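Participant: What shape does this take:
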Amino acid sequence: MSRIITAGLDGSRESLAAADWAARESLLRDLPCRLVHAWEQQPYKYPTAYAPPAGQELQRHWAERVPREAEEDLRRRYPSLRVSADQVDGQPVPVLLAAADDSELLVIGSRGLSGIGGFLVGSVALSVVARAAHPVVLVRAEDPAASGLRPAEPPFGEVVLGLDLRRPSDALIEFAFDAAASRTSALRVVHGWSTPAYYGMDTGFGYTSGAAMSDLGGELAAQKAIELAEALRPWREKFPGVEVTETSVTGGAAHHLVEAASGAGLLVIGRRSRGSAIGTYLGPVAHAVMHHAASPVAVVPHD
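Facilitator: This next block holds a predicted model:
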């Protein structure tokens with residue numbers, strides 16, 4: 001793995017937003033930025049007499065122009081950025097997975113859905129996120145009505161981390177703390193939990209009182225808050241300059257994460273590095289967050 005930030009390009013607004021995000025992240029980390037455009041030549045399926053002789057050359061010219069123009073645009077807007085651009089022959093998923101293997105971070109675009117409270121994560125993005133060995137960031141296209149570009153320097157929005165205390169990952173927690181530290185931003189850690197079913201069971205006297213349920217719920221909430229604080233303690237010590245807010249909430253984690261990410265600079269979630277009987281695996285929380293969070297979403301693979 002090289003210390004480089006890579007953005008996948010396909011010429012869309014979303015991929016250009018991803019390239020811009022990658023450029024700003026490269027400046028934050030003082031790392032070079034690489035733009036990669038996967039291109040596979042599409043043969044004509046019409047009689048030769050009707051196919052323009054320069055058709056394939058025009059396709060290749062377009063494929064080479066996409067990364068070149070994106071590189072020129074980033075150089076103009078970020079003069080200190082170390083940026084390169086490559087047009088790579090091959091299908092998008094294998095090309096992007098290879099790029100992810102060679103990068104500290106891969107950034108790709110995600111498309112908004114008009115009239116629906118969510119975003120479209122296409123098959124390429126889903127395949128890459130589910131299989132990449134290193135973190136992948138999904139970026140939405142910038143709102144054309146928004147004034148100005150997002151800054152390459154502070155202040156940034158806070159970083160939000162979704163943490164599962166059943167299997168907390170050092171790689172995931174460190175990524176979130178490091179992201180907050182590099183941005184001089186606050187870090188909000190959200191842990192969602194549900195009351196076990198047995199908390200509503202009969203006490204042996206034919207009922208469970210509301211007061212008893214309230215006490216049990218309060219005790220469990222206090223316990224979860226202690227567990228969350230303990231999991232974060234060594235990271236607070238390692239990153240003393242990061243302001244941390246701990247939030248332990250009941251109910252589905254995805255809803256709370258999407259809500260917390262509204263206006264955030266980055267939402268960080270984990271993905272277990274495992275497969276399933278039908279192929280690569282992304283859990284329901286990751287799916288929901290990737291489709292509905294308005295902020296950029298970093299998916300960090302871990303054991």
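
Participant: how many other residues sit next to Ile226?
Facilitator: Counted with other CB atoms under 10 Å, residues neighbouring Ile226 total 11. In this view, the C-beta of every residue, glycine as well, is placed from N, C-alpha and C.

Participant: how about it, secondary structure?
Facilitator: helix (DSSP: H, G, I helix; E, B strand; the rest coil).

Participant: so the closest residue to Leu106 other than its chain neighbours is in which element?
Facilitator: Spatially, and ignoring its direct neighbours in sequence, Leu106 is nearest to Ala100 (4.1 Å; CB to CB, 6 or more residues apart in numbering). Assigned by DSSP states H and E, Ala100 falls within helix 92-101.

Participant: so where's the stretch 1-150 of the chain shaky on pLDDT?
Facilitator: Counting by pLDDT under 70, the stretch 1-150 of the chain contains low-confidence ranges at 1, 41-60, 62, 112-121, 142-150.

Participant: where exactly do the strands run in the protein?
Facilitator: For the chain, the strands defined by DSSP state E cover 5-9, 33-39, 83-89, 105-112, 119-120, 136-140, 159-162, 187-193, 244-250, 266-272, 275-276, 279-280, 297-302.

Participant: quick one: which of these is nearest Ala229?
Facilitator: Nearest to Ala229, of all the strands of the chain, is strand 244-250, at 6.2 Å by CB to CB.

Participant: Specify the angle between the closest one and strand 187-193 in degrees.
Facilitator: 20 degrees (axes from the mean of the first three to the mean of the last three CA atoms, to 10 degrees).

Participant: Strand 244-250 pairs with which strands, parallel or anti?
Facilitator: Sheet pairing here is set by DSSP bridges, and for strand 244-250 it gives strand 187-193 (parallel).

Participant: angle of the partner strand against strand 266-272?
Facilitator: Strand 187-193 runs at 50 degrees relative to strand 266-272, counting by the same axes, to 10 degrees.

Participant: mind listing what's buried in stretch 219-233?
Facilitator: Within stretch 219-233, the residues scored as buried using 16 or more other CB atoms under 10 Å are Leu220, Lys224, Glu227, Leu228, Ala231, Leu232.

Participant: show me the contacts for the third one.
Facilitator: Same thing as Glu227. Leu165 (CB atoms under 8 Å, 6 or more residues apart in numbering).

Participant: Would you agree the residue nearest to Leu106 is in contact with Ala133?
Facilitator: Yes - counting by CB atoms under 8 Å, Ala133 is a contact partner of Ala100 at 6.6 Å.

Participant: Neighbour count for the two, which is higher?
Facilitator: Using other CB under 10 Å, the more surrounded residue of Ala100 and Ala133 is Ala100, with 26 against 12.

Participant: so how far does stretch 86-105 reach from one end to the other?
Facilitator: 17 Å (CA to CA, to the nearest Å).

Participant: Identify the residues contacting Lys178.
Facilitator: Residue 178: Asp, not Lys. Phe239.

Participant: I should have written Asp10 there, sorry.
Facilitator: Contacts of Asp10 by CB under 8 Å, 6+ apart are His37, Ala38, Val66, Pro92, Gly109.

Participant: Can you add distance to Asp20 and give those residues back as CSV?
Facilitator: Below are the contacts of Asp10 laid out as CSV (distance: CB to CB, whole Å):
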residue, distance to Asp20
His37, 15
Ala38, 19
Val66, 15
Pro92, 20
Gly109, 10
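
Participant: looking at the residues you listed, which has the most residues close by?
Facilitator: Ranked by neighbour count (other CB under 10 Å), the contacts of Asp10 have Gly109 at the top, with 26 neighbours.

Participant: pretty sure that one is in contact with Ala22, am I right?
Facilitator: No - between Gly109 and Ala22 there is no contact under CB under 8 Å: 10.5 Å.

Participant: average model confidence for stretch 295-303?
Facilitator: The average of the pLDDT scores along stretch 295-303 is 92.

Participant: Please enumerate the helices of the chain.
Facilitator: In the chain, the segments counted as helices under DSSP state H are 13-29, 55-77, 92-101, 123-131, 170-183, 210-238, 253-260, 284-292.

Participant: if we compare the ones you listed, which one ends up closest to Glu246?
Facilitator: helix 210-238 (5.2 Å).

Participant: so where's the stretch 201-303 of the chain uncertain?
Facilitator: Ranges of the stretch 201-303 of the chain meeting pLDDT under 70: 201-218, 274-281.
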